[in-house]
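J.: sequence and predicted structure, then a few things I'm wondering about:
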Amino acid sequence: GAGVSQTPSNKVTEKGKYVELRCDPISGHTALYWYRQSLGQGPEFLIYFQGTGAADDSGLPNDRFFAVRPEGSVSTLKIQRTERGDSAVYLCASTSSGDYNEQFFGPGTRLTVL
Amino acid sequence: SQQGEEDPQALSIQEGENATMNCSYKTSINNLQWYRQNSGRGLVHLILIRSNEREKHSGRLRVTLDTSKKSSSLLITASRAADTASYFCATDEETSGSRLTFGEGTQLTVNP
């Protein structure tokens, strides 16, 4: 079956612009996670959805970051007024209940803010 | 902040040799997972070990977990050039819901 997909694979934007990053989880997976990975670092948690609701958004760095999952499947991570420090690879993962939280990751979106 | 800390940060070996990577963490966990990442993109899940398990095998991979020392090791036997990648441990902490906390990774290079 299809894995987690993310679009776009690369996004280049200018400082101050708004961007949206999309994640399509594995069909039937109820939980969806967003992580951010800077060069040379491990991924850092941003937000986690169980169904349509954000169960834990404690990793979002500030109020410029927002994510939605309106129908409990596809999720969009939205970043307003982008800054150069937002440049990173944004990773999405999904998991189904009962799998001991084994998370399956997408290929990521590489965001570059000029 | 990153809970997991891997060591070494970088490891270079010859094909056919074994590679051992270690991970330490700070809090109580539900499980610990190892992932592989090529070229800074998507992570591939390798193996999950639950907190009540001490050792697990999958093909050429062997993972151990010592909850008293809050540490884990990943052994790759008979390494191949294709094993060249970054390896991360990730913990599912008892008190942090289901998010994973990653270490900074070990860069493994297997020379042909």
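T.: That came through, no problem.

J.: going forward, measure contacts between C-alpha atoms and count neighbours the same way
T.: Fine.

J.: close to chain A, is stretch B:102-112?
T.: Yes: judged by CA under 8 Å from any CA of the partner chain, stretch B:102-112 comes into contact with chain A at B:Phe102, B:Gly103, B:Glu104, B:Gly105.

J.: could I get those residues in JSON lines, plus columns for distance to B:Ala90 and pLDDT?
T.: Below are these laid out as JSON lines (distance: CA to CA, whole Å; pLDDT from 0 to 100):
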{"residue": "B:Phe102", "distance to B:Ala90": "4", "pLDDT": "94"}
{"residue": "B:Gly103", "distance to B:Ala90": "6", "pLDDT": "91"}
{"residue": "B:Glu104", "distance to B:Ala90": "10", "pLDDT": "89"}
{"residue": "B:Gly105", "distance to B:Ala90": "10", "pLDDT": "92"}
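
J.: so which residues on chain A come close to chain B?
T.: A:33, A:39-45, A:48, A:89, A:91, A:100-108.

J.: which of these are buried?
T.: Neighbour counting by 16 or more other CA atoms under 10 Å in any protein chain shown classes A:33, A:42-45, A:48, A:89, A:91, A:100-108 among the residues of chain A next to chain B as buried.

J.: mind checking which of those residues are in strands?
T.: Among those, DSSP state E puts A:Tyr33, A:Glu44, A:Phe45, A:Tyr48, A:Val89, A:Leu91, A:Phe104, A:Phe105 in strands.

J.: ranges for the strands of chain A?
T.: A:5-7, A:10-13, A:19-24, A:31-37, A:44-50, A:53-56, A:65-68, A:75-79, A:88-95, A:104-105, A:109-113.

J.: need those in JSON lines with mean pLDDT, can you?
T.: Converted to JSON lines, the strands of chain A look like this (pLDDT from 0 to 100):
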{"stretch": "strand A:5-7", "mean pLDDT": "97"}
{"stretch": "strand A:10-13", "mean pLDDT": "97"}
{"stretch": "strand A:19-24", "mean pLDDT": "98"}
{"stretch": "strand A:31-37", "mean pLDDT": "96"}
{"stretch": "strand A:44-50", "mean pLDDT": "95"}
{"stretch": "strand A:53-56", "mean pLDDT": "90"}
{"stretch": "strand A:65-68", "mean pLDDT": "96"}
{"stretch": "strand A:75-79", "mean pLDDT": "98"}
{"stretch": "strand A:88-95", "mean pLDDT": "95"}
{"stretch": "strand A:104-105", "mean pLDDT": "93"}
{"stretch": "strand A:109-113", "mean pLDDT": "97"}
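
J.: fine by me, we can end here.
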